[in-house]
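Colleague: Give me a model of this one.
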Amino acid sequence: MATGSIQPFRPAGSVGAAASTTVANVALAGGGQAILVYNATSAVAFFRLGGATALTATTADTPVPPGGRMLVDAGPFVTNAAVLLSTGTGTVYFTRGDGDAY
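Modeller: Alright, predicted model coming up:
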């Protein structure tokens with residue numbers, strides 16, 4: 001591919017985190033270096049990605065608005081995600097795959 005070309009996101013595995021105002025930590029499924037985060041809740045979700053199983057998230061981490069999605073480059077060593085909601089409960093989905101456009 002030419003430099004600067006856009007590759008569509010190709011999902012390889014998804015996991016849903018039962019999110020609330022208490023941190024939820026999930027192991028990511030599938031493979032690839034990109035992660036699509038989809039906030040299916042009515043609150044702001046704050047997430048953090050990393051390699052630790054005891055990963056935590058705070059309101060200082062990356063926010064995703066209600067109903068919003070964000071595609072991030074995670075690299076090969078990210079295995080877990082942590083998420084925290086500003087209020088309420090709901091599911092935040094983490095889909096691993098490859099590509100740079102959704």
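
Colleague: So S20 versus F9, what's the distance?
Modeller: 28 Å (Cβ to Cβ, to the nearest Å). In short, each C-beta sits where N, CA and C put it, glycine included.

Colleague: ditto for V23
Modeller: Taken as Cβ to Cβ, the span from V23 to F9 is 26 Å.

Colleague: before we move on, what about G67?
Modeller: 18 Å.

Colleague: Between the two, which is the more surrounded one?
Modeller: Counting neighbours by other Cβ atoms under 10 Å for G67 and for F9 shows that F9 has the greater number, 17 against 10.

Colleague: mind listing what the nearest residue to the more buried one once chain neighbours are set aside touches?
Modeller: Leaving aside its sequence neighbours, F9 sits nearest to G99 (Cβ to Cβ, 6 or more residues apart in numbering; 3.8 Å). Each residue near G99 by Cβ atoms under 8 Å, 6 or more residues apart in numbering is listed here: Q7, P8, F9, R10, G32, A34, L71.

Colleague: pLDDT value on G99, please?
Modeller: Reported pLDDT at G99 in the predicted model: 94.

Colleague: give the contact list for the one residue sitting closest to the centre of the chain.
Modeller: Geometric centre of the chain, nearest residue: V37, 3.5 Å, by Cα atoms, centre = their mean. By Cβ under 8 Å, 6+ apart, V37 lies in contact with A45, F47, V64, R69, M70, L71, V72, A81, V92, Y93, F94.

Colleague: And the nearest residue to T91 once chain neighbours are set aside, how far from G51?
Modeller: Leaving aside its sequence neighbours, T91 sits nearest to G16 (Cβ to Cβ, 6+ apart; 4.6 Å). Distance of G16 to G51, given as Cβ to Cβ: 21 Å.

Colleague: Looking at those two, which one has more neighbours?
Modeller: G16 (15 against 10).

Colleague: show me what contacts that one?
Modeller: G16 neighbours (Cβ under 8 Å, 6+ apart): V26, T91, V92, Y93, F94.

Colleague: and which of those is nearest to A60?
Modeller: V92 (17.1 Å; Cβ to Cβ).
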